[in-house]
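1. Provided below for reference: sequence and predicted model.
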Amino acid sequence: MKNRLMDLLLVTLGSLIAAFGFNTMFLDNQIASGGMVGLAVVFNKLLGWSPSVILMLSNIPLLILCYFLLGPKVFLKTVYGAMIYPLAINLTSSFPTITKNPLLAVIFGGIIVGLGLGLVFRGNSSTGGTGIITQIIHKYTPLSLGASVILIDGISVLMGLIAFSPDRVMYSTLALMVISYVINRLETGFNASKMVMIISKETEQIKEHITKVADRGVTQIPIQGGYSTTDKTMLMTTISSYEFPALHQHILSLDEAAFIVVLPASQVFGRGFSMTKHHLQKDDIILPM
């Protein structure tokens, strides 16, 4: 029950934020950033229709399709977001346009809308619209979900040519890219970490530095050289990005010929990352079985 209330809170807050970005950045600047929201900008320009009304009316048949083609479970996750988002757009429609500069509108509007939509997705929901269509295409065709999104949002952006100049359509494409980037960052996390694998003749000193100075866990992995067939030990650890330069410098001070592989770790859970870091115990050094 608690998780469900948190999901509803995230969807509501995210919808309000995304709607604020849409009304204050995109609408008057004629930025049609894909999806039904982009089409709402087009129809607002051509026919003067209210974006909130367009979204609400278009979501009704799409939700019916969602129920029958994607199932009741997906429908229940989608219906609240699909209804609250048009209401949020209507509630924030009185806010003035913050900037008339289309490039600033694309960048900051994309950040605000992306943040709002990211919170909606965090709440295990969506704003309906073309998101329902992409899920249906993904389910009933060989196209991947990513390809379906590009296809539908691409068509939506190109439809902007009906009402706007090519320049505005290009701005809309940039806005779509900014929104996608922000949503992706929210999903993977802003605190980028690195997984570091080290092969060196100074294994013990490096391991001691990682555990006592960097205060991170480390794993010893037995390996064998492919050319020399010599048995060696590889150390593997995960550290925050800002900690890596100091670790890298210390390793090279011990062994200039150390072999170091650094990989991005978009999400890391556990002590020192998603949990409070305490002093490391012996059990934090994971030895090979």
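-> Looks like it arrived, so ask away. Source: prediction; values computed, not measured.
2. Quick check: end-to-end length of stretch 159-166?
-> 11 Å (Cα to Cα, to the nearest Å).
3. Could I get the buried residue list for that stretch?
-> Neighbour-count burial for stretch 159-166 flags 159-160, 163-164 (criterion: 16 or more other Cβ atoms under 10 Å). (C-beta placed from N, C-alpha, C; glycine too.)
4. Adding pLDDT and secondary structure as columns, could you present the residues you listed in JSON lines?
-> Output for the buried residues of stretch 159-166, formatted as JSON lines (pLDDT from 0 to 100; DSSP: H, G, I helix; E, B strand; the rest coil):
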{"residue": "Met159", "pLDDT": "83", "secondary structure": "helix"}
{"residue": "Gly160", "pLDDT": "85", "secondary structure": "helix"}
{"residue": "Ala163", "pLDDT": "82", "secondary structure": "coil"}
{"residue": "Phe164", "pLDDT": "87", "secondary structure": "coil"}
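5. quick one: which of those is nearest Ser193?
-> The shortest approach to Ser193 among the buried residues of stretch 159-166 belongs to Gly160, at 39.1 Å (Cβ to Cβ).
6. name the element the residue lying closest to the closest one once chain neighbours are set aside belongs to?
-> Excluding the flanking residues, the one nearest Gly160 by Cβ to Cβ, 6 or more residues apart in numbering is Ala32, at 4.0 Å. In the assignment (DSSP states H and E), Ala32 maps to no helix and no strand.
7. swap in the one 10 residues further on?
-> Under DSSP H and E, the secondary-structure element containing Val42 is helix 35-47.
8. And for that helix, what's in contact with it?
-> By Cβ atoms under 8 Å, 6 or more residues apart in numbering, the residues outside helix 35-47 that reach it are 22, 26-27, 30-33, 49-51, 54-55, 58-59, 127-131, 152-153, 156-157, 159-160, 162-164, 172, 176.
9. Show only the entries of these found in helices.
-> Under the assignment DSSP state H, the contacts of helix 35-47 contribute 51, 54-55, 58-59, 130-131, 152-153, 156-157, 172, 176 to helices.
10. which one of these sits closest to Ala265?
-> Using Cβ to Cβ, Leu176 is the member of the ones in helices among the contacts of helix 35-47 that sits closest to Ala265, with 27.6 Å.
11. a markdown table for the ones in helices among the contacts of helix 35-47, including pLDDT?
-> As requested, the ones in helices among the contacts of helix 35-47 are exported to a markdown table (pLDDT from 0 to 100):
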| residue | pLDDT |
| --- | --- |
| Pro51 | 89 |
| Ile54 | 88 |
| Leu55 | 89 |
| Ser58 | 89 |
| Asn59 | 89 |
| Thr130 | 83 |
| Gly131 | 79 |
| Ile152 | 83 |
| Asp153 | 79 |
| Ser156 | 83 |
| Val157 | 83 |
| Ser172 | 91 |
| Leu176 | 87 |
